[in-house]
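K.L.:
Pasted the sequence and its predicted model underneath.
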Amino acid sequence: MRRFAVLIFTLLSLTFQGIAQDDELNTLLRELKVSKEDTSRINILHQIQDSYLDADNDSALYFNKMAEGLIDKLKAASMRHRCYHAFVKIYHAKFNNEMALDYCLKAIAAANDSFQKATSYRAVFSLYFNVRKKDSALKYAAYAVDLTERIKDSNNIATMYGNLCRIYNEMELYEKAEAFGKKGIAAGNRYKDYKGLLISMNNLGNCYLSLGKNKEAISIFEQQLIAGQKYKRIRSVSNALTNLGVTYYNVLDKTNLERITARIKEMAPAFDPADKMGQSYHQLIFGYNFILNKQYAAAEKEMLKGLEIAEKDSITAAMETIYQGLSSLKYLMQDLAGASFYEDKWLVLNDTLQKQDLREYSMDLETKYETESKIARIKLQASQLKEKSIINYILIGSAAALFIISVLLFINYRHKQRLQLQRIHDLETRQLLTATEAVLKGEEQERSRLAKDLHDGLGGMLSGIKYSFNTMKGNLILTPENAKAFERSMDMLDSSIKEMRRVAHNMMPEALVKFGLDTALKDFCNDISNSGALQVSYQSIGVENAKIDQTTAITIYRIVQELINNTMKHAVAQTALVQLSKAENQMSVTVEDDGKGFDTAMLSGSRGIGWSSIQNRVEFLKGKLDVHSQPGKGTSVLIELTV
């Protein structure tokens, strides 16, 4: 079972001003009505926007757009940076990172001095990190650190170091993360920058959690809690309480977890009602407290409240953690179906986020390629225009020669254009195949790693526990009731060991690595038949001694595995046939069942993860996929490929 660690980070630290007193805001609104359309009116609009920012984002956005329009009208270039940076703060508060990023880049271009530019660089690298573009985030982080240090901006250097601590921690570069976290704390204390100090404490504590240093993490978070209360930073207090709650749960410190739970409830009225992530994690902490007190029904109730908050606002980090927590709770309640349900929810969400990362990476590559292609085409067109102009001057006296040369140039141009289009098509195809290959290899590497960890790590631990319990049994005097309970527990432990081995085997079967595809598929089909879920027959033709590349073998095995799983889930079939045949360099895979069948037209609009996985793998092998099925007449899937 996975160890829980909620990493509550603080990254983007844009300076938000508090709400002005009502009489001050009313005074500004009255001044706006009588003001002239000049730069003083822009300043009034900015002050009104600042007053509304924390309490009413929509009003802040409305007045800042008025300021932007007046800046454009007056061409007041020197006032653009403040306006654009205000948009960054507004859209960040509205959780619209894309719009915030767009205005942040505009703010960099509009900066009037190094201080303004450093401010925008700090914001842009944080925003890039929030939208999961780590390469761009690191690039702008380097710019921001360099500029902030050069101008000796003591008000922001601690925050900068704290932000870098988070980035390097999430990239698993823990040595750098720890170094920057400590530098941030030192700078925060030196320059009395309490905001930067708290950010660095928060992120350094989470770095210690990643390293498994729970004692050091608890020490930092307790310091963060005291400092957050001292300097009245409510969000830091909330983060510190959450991280302390999770850490005390991890180390099974019931007394301190009860203290943290009580503190969260006591401070609940002071927390930001818009902080839905914090609210969802607080409910998780309440659930953890009930778990350590063995009040499982109450724990489930609190964790479901947190899940409802997270799902409503699509807070994926909280959703992942609560899914894991609920799965663990269901195991404690001996509800294996419920545990499996939440484990599957976590796996689907985790898979979706990984694919989202890949899509964003592919889009970045595509955008970069398109930009370079446009530049190349512009240069080519400019060169052609210059060449045509020279030719026109040289051949001005001969109409016939001009006509011939023009025809030749046109033919040459069309030929180059066709070649360019072909190159673009080839590059796009290669890029798609590279991305698909990276996903499949990464998936198999992760499966192999998890299978090894489960078998060698968790399997050994469970077997050791079983041996210890058997040894203890001979030395204990138990009542008949306790003896029965002990035997039931041993049976559950045996079932857990068998289930763990089954999961590890499914992730990376030993037969596939040691004996090849034919033996692995034969074992897989026999295992399914022996389980009673479905009678699967296996046939192989010409593959007994065939040498098949390991990547190809793993991919074919996963395709068959997914097809049989789909048959068991959806087909209501009694029997199935798996056939693998090879002739020279051609291989075919056939999977048939006698199930209820379906309309194959549904596949064109299918968004299921399983079917997409099958299609991606067939495309990776450059194979052909053919599906035949009708309602009531079973299903036949044929895959042909060159090996």
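P.N.:
Nice, I can see it.

K.L.:
Can you give me every residue that contacts the residue nearest to Lys176 when sequence neighbours are not counted?
P.N.:
Using Cβ to Cβ, 6 or more residues apart in numbering and skipping residues adjacent in sequence, the residue nearest Lys176 is Tyr168, 4.3 Å away. From N, CA and C alone the C-beta is placed, and that goes for glycine too. Each residue near Tyr168 by Cβ atoms under 8 Å, 6 or more residues apart in numbering is listed here: 174, 176-177, 180.

K.L.:
Repeat that for Ser588.
P.N.:
579-582, 638-641.

K.L.:
go with 7 Å
P.N.:
The neighbours of Ser588, taking Cβ atoms under 7 Å, 6 or more residues apart in numbering as the test, are 581, 638-640.

K.L.:
repeat for Ala317
P.N.:
Per Cβ under 7 Å, 6+ apart, neighbours of Ala317: none.

K.L.:
If we ignore the residues flanking it in sequence, what's nearest His92?
P.N.:
Nearest residue to His92, sequence neighbours excluded (Cβ to Cβ, 6+ apart): Ala100, at 4.6 Å.

K.L.:
didn't Phe115 look like it was pressed against Ile151?
P.N.:
Yes - in this structure, Phe115 is within contact of Ile151 by Cβ atoms under 7 Å, at 6.2 Å.

K.L.:
What ranges does this protein have for its strands?
P.N.:
Assigned by DSSP state E, the chain shows strands spanning 535-541, 575-583, 586-593, 624-629, 635-642.

K.L.:
Please pick the buried ones from the contacts of Tyr168.
P.N.:
Neighbour-count burial (16 or more other Cβ atoms under 10 Å) applied to these gives 174, 177, 180.

K.L.:
From Ser200, how far off is the last one?
P.N.:
The one in question is Phe180. Distance, Phe180 to Ser200, using Cβ to Cβ, to the nearest Å: 8 Å.

K.L.:
okay, and the common contacts of those two?
P.N.:
161, 165.

K.L.:
If we only consider the buried ones among the contacts of Tyr168, which is nearest to Lys134?
P.N.:
For the buried ones among the contacts of Tyr168, the residue nearest Lys134 by Cβ to Cβ is Ala177; the value is 13.6 Å.

K.L.:
check contacts around that closest one.
P.N.:
By Cβ under 7 Å, 6+ apart, the contact set of Ala177 is 165, 168-169, 207.

K.L.:
From those, which land in helices?
P.N.:
165, 168-169, 207 (DSSP state H).

K.L.:
Quick one: buried ones out of the residues you listed?
P.N.:
Buried by 16+ other Cβ under 10 Å: 165, 168-169, 207, out of the ones in helices among the contacts of Ala177.

K.L.:
Out of those residues, name the two that are farthest from one another.
P.N.:
Tyr168 and Cys207 (8.1 Å).

K.L.:
State the pLDDT value of Ala299.
P.N.:
Ala299 is assigned 90 on the pLDDT scale.

K.L.:
Pretty sure it sits against Asn293.
P.N.:
No - using Cβ under 7 Å as the test, Ala299 is too far from Asn293 to be in contact (8.4 Å).

K.L.:
Compare the two (neighbour count), which wins?
P.N.:
The neighbour comparison of Ala299 against Asn293 (other Cβ atoms under 10 Å) goes to Ala299, with 24 against 13.

K.L.:
Leaving out sequence neighbours, find the closest residue to that one.
P.N.:
In this structure, Ala299 finds its nearest non-sequential neighbour in Phe290, 3.6 Å apart by Cβ to Cβ, 6+ apart.

K.L.:
how deep is the one you found tucked in, by neighbour count?
P.N.:
Neighbour tally, Phe290, other Cβ under 10 Å: 19.

K.L.:
any idea how far it lies from Tyr342?
P.N.:
Counting by Cβ to Cβ, the gap from Phe290 to Tyr342 is 17 Å.

K.L.:
Could you report the pLDDT at Glu499?
P.N.:
63.

K.L.:
sorry, that was for Ser314
P.N.:
Model confidence at Ser314, given as pLDDT, is 83.

K.L.:
cool, and Val591?
P.N.:
Looking at Val591, its pLDDT is 92.

K.L.:
Near it, how many other residues are there?
P.N.:
Val591 has 22 neighbours, counted by other Cβ under 10 Å.

K.L.:
didn't it look like it was pressed against Val578?
P.N.:
Yes - the pair Val591 / Val578 is scored as a contact, 5.5 Å apart, by Cβ under 7 Å.

K.L.:
Ala86 is in contact with Gln49, correct?
P.N.:
Yes - at 5.7 Å, Gln49 counts as touching Ala86 under the criterion of Cβ under 7 Å.

K.L.:
so what sits against both of these two?
P.N.:
With Cβ under 7 Å, 6+ apart as the test, Gln49 and Ala86 both reach Asn64.

K.L.:
Got phi/psi on Gly532?
P.N.:
Dihedral pair for Gly532: phi 80, psi 0, per degrees, to the nearest 10.

K.L.:
got any ranges where the stretch 401-550 of the chain has weak pLDDT?
P.N.:
401, 406, 413, 424-478, 497-511 (pLDDT under 70).

K.L.:
Please repeat the previous calculation with a cut-off of 80.
P.N.:
Under the criterion pLDDT under 80, the flagged ranges of the stretch 401-550 of the chain are 401-515, 544-546, 550.

K.L.:
So which residues of it form helices?
P.N.:
Assigned by DSSP state H, counting those that start in this stretch, the helices in the stretch 401-550 of the chain fall at 459-473, 480-507, 510-514, 517-531, 550-566.

K.L.:
OK, contacts around the residue nearest to Lys624 when sequence neighbours are not counted?
P.N.:
Leaving out its chain neighbours, the residue that sits closest to Lys624 by Cβ to Cβ, 6+ apart is Glu640, at 4.8 Å. For Glu640, the contacting residues are 588, 623-624, by Cβ under 7 Å, 6+ apart.
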